[in-house]
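J.: Got a predicted structure plus its sequence, pasted below:
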Number of protein chains: 2
Amino acid sequence: MSNSPSKIEPLSRVFRDSFQVREIARRFGTPVYVYSEELLEEQADEALAFIEAPSFKVRYAMKANPNANILRLFQRKGIEIDASSGDEARRAIAAGIPPGNILLTSQIIPQEFIDLIRQGVNYNACSLHQLETFARFSNFIGTRDISVRINPGRGSGGTKRTNTGGPSSSFGIWHEDLVKVMDFIRRYSLNLRRVHTHIGSGSDPEVFKKTCRMSLDIVARFLYGGFPVTTLNLGGGYKVGRMSYQESVDMQEVGSFVKKQFEDFQRKIGLPLRLEIEPGTFLVANAGAIVSEIKDIKRTPRYTFLITDTGMNEVARPTLYAAQHPITVVTRRDKNPFKKTGEYVVSGRCCESGDILTPSKDSPEELQPRVLRQAEISDLVVIGGTGAYCSGMPIAGYNSYPAAPEVLLRKDGSMDLIRERGTLKQLTQNEVKVI
Amino acid sequence: MSNSPSKIEPLSRVFRDSFQVREIARRFGTPVYVYSEELLEEQADEALAFIEAPSFKVRYAMKANPNANILRLFQRKGIEIDASSGDEARRAIAAGIPPGNILLTSQIIPQEFIDLIRQGVNYNACSLHQLETFARFSNFIGTRDISVRINPGRGSGGTKRTNTGGPSSSFGIWHEDLVKVMDFIRRYSLNLRRVHTHIGSGSDPEVFKKTCRMSLDIVARFLYGGFPVTTLNLGGGYKVGRMSYQESVDMQEVGSFVKKQFEDFQRKIGLPLRLEIEPGTFLVANAGAIVSEIKDIKRTPRYTFLITDTGMNEVARPTLYAAQHPITVVTRRDKNPFKKTGEYVVSGRCCESGDILTPSKDSPEELQPRVLRQAEISDLVVIGGTGAYCSGMPIAGYNSYPAAPEVLLRKDGSMDLIRERGTLKQLTQNEVKVI
């Protein structure tokens, strides 16, 4: 696999062909998010096949893309929900997800947590304070079943700031505090049912395997302590390559490793243990793309810039952490039969120098021109790999651009609008005139 | 001035005292944006005093904070508008700003540009394509008066991605294309009225001075070519220190330099030239703060984390580019009379490892604990310097947290809600059920 930016990325698999891209732009305008029902289902099936065990459960990390239609699509597949906030849990319930199918794992305790748990939402305590608050209110809540998120002391992110495990991460209860957790659970007569150890995104399968072993050790310590843990949730972090030179995690390989670990563990312990995983990116990233229009082409002695009508408003990842997304030029007509190419820096529409879709992957502060099919103003560009952490994590309303709509390409070939284009009026709907 | 993170930052000047911070949290909940009318007016006065000349004009770069009340506050001061998109121009008009007070400088031509210009909005062409489009429609538009944004070949940003001038920037028409611009203006009988050269934020005053000279040279070339330019707009880029160890631009020093340059130029040319500037950050950054609550405190062997109920949702700047904001702990009661301190990493509420309010300024991927007043859960934290590029550039709705409200502290001591807290329902208001 070539690591060279000189390779033209193929059109996102979301689309049948360029004609479909043009039709979407005509019908829905640009910029527009597009998702493929077929690819979403394909990824769901692959995640569900991670290990073969009747008690195995997949939870969709809904922060990756919280559109209610996507939540329901996964629900139909038998996938449950990982909610990162009380608002996410409420949003899932409003979308029709049964509260019992939701596990709430939040950095802060939602104000409405008692009500949510009473409705049936499963609560995953992520700190000693959360555990204590749950205990204090357990009489009102009506359940003593609890789950705890443990920071196993190791993460998989590349840097301190991108780590969700290890001493530089605030996620979960530090693993050396297990005795405190046990004292607590005993003192308040809670029932520990689940141990949770999300170790972060972008993970190396080897790190994942190592964390799997560490997580099983934590479960073992609870079991030896007399706490009947029934479930281990390994969180997310199943990397998918968005660019053709990036590798995706081999779910089957990781799955069979995890399965073996679980089987060995159960044999040793003599008790069954249920496995849960919480993929987000894996389920939706490559099932989504953005269709945008080239609004201008500008040249300096150093670069040729394609100015698109998308950018950080719809896809913050390149601006946030120099993420690489495949970009494909779709000409308005097939006027370029010889497939000439050019080297382009692709820019967003905002009056913001960081609104760049082609940062250098090695040095996030630098620009990295891409070889693309030769482009003209009013040609389209497709930004691939934008199903996850794009419409759900927008730099919204910046430069007062309203939110882009979302379209679902159905398996029967039809196109359904699943979110209408936002309006300028919505950006000011909460303003109150005092001056 | 000390550059040390061990210095406790004083409470943002937005507030009279800690009592006021507590009162705001009680009345409006947390997180909440708070702005000081007095400081906004103070900054407006200072910008208006940049140079003493009857024709001098300040335009507010409204993308910094587009709340209609803030636009109107500045309008009352005699400050006009810099709009970065057609939507911003429409938003300003909806707020009651006369269209003739708006200069539209956008990376892409808004669909509604003809209508906007017909209403009286001033149009600043930022590319040859924009110039051509304007020319093509000038009969419909009813005016041939045009402004052009030139990239003078030099910028002030620290890196390629943060530069708004120079060969790595797509902003404006490359300065070596001036002959093309002239041919074009002649061919289409346009009237060039204004030259615009925004060179970027965070500027060194020396770079600003140099660009001022380069900009005047560009004006001179147009004048010698027979184009009666009447106005030079130098854009924005007036740095303000948010942390006590950061320096703010000395507007008077830069102003007197610019004034002298302008006077020399007018003497040489024998024609008057109007000056415009477009501050954003300068007008609002330090007039705003966020009040947030500490929801949890977590410890690993390396760090103590304060988990707040704000973060990247409300203030994306630390996550986006490791921006440093002053953070002050306000205890719920004055229970800590001896002012003990602690070293804390301050974290946001999102399930996202990058949601950190205290990144290292030298190495954006690292955490940098701050010395703060000793904190307990349910104490408040104030994030200062958040009046600019915060409520207008949010990573909105991520983890499904609704938008925080905005409060204006009036000069008479009263508190006015100028934007209500968003709701979960608003996050899904455009969704269409198809699954």
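T.: Noted; the coordinates are in hand. Numbers count the residues shown, from 1 in each chain, chains lettered A, B, ... in the order given.
J.: my read: A:Ser353 touches B:Phe171, true?
T.: Yes: the pair A:Ser353 and B:Phe171 qualifies as a contact (Cβ atoms under 8 Å) at a distance of 7.3 Å. All C-beta atoms are positioned from the backbone trio N, CA, C, and that covers glycine.
J.: Contacts for the helix or strand of chain A with the lowest mean pLDDT, please.
T.: Scoring the helices and strands of chain A by mean pLDDT, DSSP states H and E places helix A:205-224 at the bottom, with a mean of 89. The contact list for helix A:205-224, computed with Cβ atoms under 8 Å, 6 or more residues apart in numbering or on different chains, reads A:150, A:152-154, A:156, A:165, A:175, A:178, A:182, A:192, A:195, A:197, A:199, A:229, A:232, A:234, A:237, A:249-250, A:253-254, A:257-258, A:261-262, A:265, A:269, A:271, A:273.
J.: Just the buried ones among those, please.
T.: With neighbours counted by 16 or more other Cβ atoms under 10 Å in any protein chain shown, the contacts of helix A:205-224 contain buried members at A:150, A:152-154, A:156, A:165, A:175, A:178, A:182, A:192, A:195, A:197, A:199, A:229, A:232, A:234, A:237, A:249, A:254, A:257-258, A:261-262, A:265, A:273.
J.: Can you flag which of those residues belong to strands?
T.: Under the assignment DSSP state E, the buried ones among the contacts of helix A:205-224 contribute A:150, A:192, A:195, A:232 to strands.
J.: picking up where we left off before, quick one: the least confident helix or strand of chain A to strand A:191-196, angle?
T.: Following axes from the mean of the first three to the mean of the last three Cα atoms, to 10 degrees, one obtains 170 degrees for the angle between helix A:205-224 and strand A:191-196.
J.: Now helix A:205-224: buried residues?
T.: Of the residues in helix A:205-224, those buried under the neighbour-count criterion (16+ other Cβ under 10 Å) are A:205, A:207-209, A:211-212, A:214-216, A:218-219, A:221-223.
J.: Same question for stretch A:271-288.
T.: Counting neighbours by 16+ other Cβ under 10 Å, stretch A:271-288 gives A:273-288 as buried.
J.: Can it be said to contact chain B?
T.: No: with Cβ under 8 Å from any Cβ of the partner chain as the threshold, stretch A:271-288 lies outside contact range of chain B, at a closest distance of 9.8 Å.
J.: what's the straight distance from one end of that stretch to the other?
T.: 41 Å (Cα to Cα, to the nearest Å).
J.: Report the rounded mean pLDDT for it.
T.: Averaged over stretch A:271-288, pLDDT sits at 96.
J.: Can you tell me which of the buried residues of stretch A:271-288 is closest to B:Pro110?
T.: Of all the buried residues of stretch A:271-288, the one sitting nearest B:Pro110 is A:Gly288; the distance, using Cβ to Cβ, is 26.6 Å.
J.: what bridges to that closest one?
T.: In this structure, A:Gly288 has beta-bridge partners A:Tyr35, where bridges are defined by DSSP bridges.
J.: before we move on, the earlier item: any idea how far the least confident helix or strand of chain A is from the chain center?
T.: Taking Cα atoms, centre = their mean, to the nearest Å, one finds helix A:205-224 lying 23 Å from the centre of the chain it belongs to.
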